[in-house]
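Undergrad: Could you look at this predicted model? Sequence included:
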Amino acid sequence: MKRVAIVGYAQHPILKNAGALNEVELIMPVVHQLFNDLGISQKDIDFTCSGSCDYLQGAAFAFVEGLSAIQTNPPIKESHVEMDAAWAMYESMLKIQMGDAETALIYGFGKSSPGDLDAIISLQMDPYYISPLWPDRVSLAALQARVLLDQNVITSEQMLASVIEARANSKNNKNALITDLIDESDYLKNAMVSSPLNQLDCPPISDGSSAMIIASEEKAYEFTDHPIWIEGIDHRIESSNLGSRNLATSKTLQASMDQLNLKNIKFDVAELHTQFSHELPFLKSLLNLQDVPTNLSGGPLVGNVMMCAGLDAIGKTYESLKNNQFTHGLAHATSGPCLQHNMLVHLEAQK
Amino acid sequence: MSDSKDLLRAPFELAYNYKRSNGPVMSKFFDALGKQTILGTKSSTGKVFSPAAEFDPDTYESLNDMVEVGPGGSVESFSWIEAPQKHHLIKEPFAFALIKLDGADSSMLHMIADCNEADLSIGTRVTAAWSETTTKRITDIKFFTLEK
């Protein structure tokens, strides 16, 4: 494996409703901030890869318009994933491993405010057995929450703690959407959306964008004296047949942990793409992170830009390692209902 | 500004405006559903998947041995919706649920209605209620109700 490093990351302030700002206008500031910070331009980038969801814009190939945010003349090598931009980073990693690129720009963007996200996510499910029933994303997450509670994998107190801590941690993230603090009585006053999940157990509808630049070992030091290395990266998916999965655990995440040999690494910090309050204690337990400061950025509960939040977990881990005397960080990105598809990224600062 | 009658217009429908094939396994499942019968597929290890799966996610073998399951089953998990959204098919409070049909080893995602939240827990017995007209779709099962 060639060594690859993250050399820059930028996040747009997460908005409740970006209004007339279109996707291009959301992407441009973060890409240009990165270019300015590093003193480079698009001509220093060998490969550009984006992550977004055409369903949000409601048109096939809507992502192509996103390219208007960057300079594409002279022609560039680019690609897109209809996934969270964490997977655009994965594709960029592969491109560098294959020797096709030394540097890559990754960006993700999502505007969830104009549509009905619950209905839209229903349409992305299995079109034979699941979509015709119109299950909303909260109800699907709630099915897993109930299994975890019933089997004592997590407790409702832990769910409450996830919500309170996320808001307390939002002070560490200048781009967070939700920053007001709450206490237990505020939490209990909230109506159930889909029991056992109430409004505060769910992430806010969010608009925004993020960008990242990664580079090979040779190039990384041209950009920065302090690259953060991608020591390990692995992603695995479980069956699309929801009813055949064991929702009380994740065999695929355990396989990823083994593949990355995480057992003996003492992580200083972790950022998990946990969109619902029950997912944080579940994954902390599964990933052996009980004593590791997790989601210091507040995580998805204080801002959850569709197709960016996974890349943001990687970006926030990068920032934590860069800005502190930390060595090891773990980032997690997810996709699909009930943590169906998961990516783990082990980041390491140079000693 | 040009007169609005000079503007070119094209219809735009936000929908899946194409047809899909159900394939050999799901076709049998949906044909049976149209006759108010629920099928599953059985793997070589004896595991039964319903709704009918085309392959076993553990062994990766193709599945085509069809067996009848249900129409009763037990609740594996559920989420209760007190205030249905406009896209939901049921307008009264109801549950989305994972239901393990009798004779099956995996669960079916569907809805449970005509009951209260307090009536439901993991393990509750339910049975299929059929739609008045069948169209060979998963919605031929209208929802599940408490077993009498």
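TA: Ah, there it is.

Undergrad: May I ask which helix or strand of chain A has the lowest mean pLDDT?
TA: One helix or strand of chain A scores below all others by mean pLDDT, DSSP states H and E: helix A:54-57, with a mean of 88.

Undergrad: helices or strands up against that helix?
TA: Contact partners of helix A:54-57 among helices and strands, from 3 or more CB pairs under 8 Å, 6 or more residues apart in numbering or on different chains; DSSP states H and E: strand A:103-111, helix A:117-123. (Each C-beta comes from the backbone N, C-alpha and C, glycine too.)

Undergrad: Going by neighbour count, list what's buried in whichever helix or strand comes after the shortest one.
TA: Translated: helix A:117-123. For helix A:117-123, the following helix or strand on the C-terminal side (DSSP states H and E) is helix A:137-150. By neighbour count with 16 or more other CB atoms under 10 Å in any protein chain shown, helix A:137-150 contains the buried residues A:137-149.

Undergrad: would you list those in a markdown table and tack on pLDDT and distance to chain B?
TA: Putting the buried residues of helix A:137-150 into a markdown table (pLDDT from 0 to 100; distance: CB to the nearest CB, whole Å) gives the following:
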| residue | pLDDT | distance to chain B |
| --- | --- | --- |
| A:137 | 96 | 11 |
| A:138 | 97 | 8 |
| A:139 | 98 | 4 |
| A:140 | 98 | 7 |
| A:141 | 98 | 8 |
| A:142 | 98 | 3 |
| A:143 | 98 | 4 |
| A:144 | 98 | 8 |
| A:145 | 98 | 8 |
| A:146 | 98 | 5 |
| A:147 | 98 | 5 |
| A:148 | 98 | 10 |
| A:149 | 98 | 10 |
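
Undergrad: Just flag the most distant two among those.
TA: Farthest-apart pair in those is A:137 and A:149; separation 18.6 Å (CB to CB).

Undergrad: Helices of chain A, start to end?
TA: A:23-38, A:54-57, A:85-97, A:117-123, A:137-150, A:156-169, A:184-189, A:217-223, A:251-259, A:279-286, A:309-323 (DSSP state H).

Undergrad: So which of the ones you listed is nearest residue A:105?
TA: helix A:23-38 (7.0 Å).

Undergrad: Show residues contacting the closest one.
TA: A:7-12, A:18, A:41-42, A:52, A:57, A:62, A:65-66, A:68-70, A:105, A:107, A:109, A:111, A:207-213, A:223-224 (CB atoms under 8 Å, 6 or more residues apart in numbering or on different chains).

Undergrad: and if you look at stretch A:79-86?
TA: In contact with stretch A:79-86 (CB under 8 Å, 6+ apart) are residues A:47-54, A:63-64, A:66, A:87-88, A:91, A:106-108, A:210, A:212, A:273, A:306-311, A:313-314, A:333-335, A:343, A:345.

Undergrad: which of these are buried?
TA: Buried among the contacts of stretch A:79-86 (16+ other CB under 10 Å): A:47-53, A:63, A:66, A:87-88, A:91, A:106-108, A:210, A:212, A:273, A:306-311, A:313-314, A:333-335, A:343, A:345.

Undergrad: Return the residues in contact with residue B:70.
TA: B:38, B:50, B:101, B:102, B:103, B:104, B:127, B:128.

Undergrad: please redo it, this time with the cut-off set to 7 Å
TA: B:38, B:101, B:102, B:128 (CB atoms under 7 Å, 6 or more residues apart in numbering or on different chains).

Undergrad: Provide the backbone phi and psi angles at it.
TA: In terms of degrees, to the nearest 10, the main-chain angles of residue B:70 are phi 60, psi -160.

Undergrad: picking that back up, list only those of the contacts of helix A:23-38 flagged as buried.
TA: Applying 16+ other CB under 10 Å to the contacts of helix A:23-38 flags A:7-12, A:18, A:52, A:57, A:66, A:69-70, A:105, A:107, A:109, A:111, A:207-213, A:223-224 as buried.
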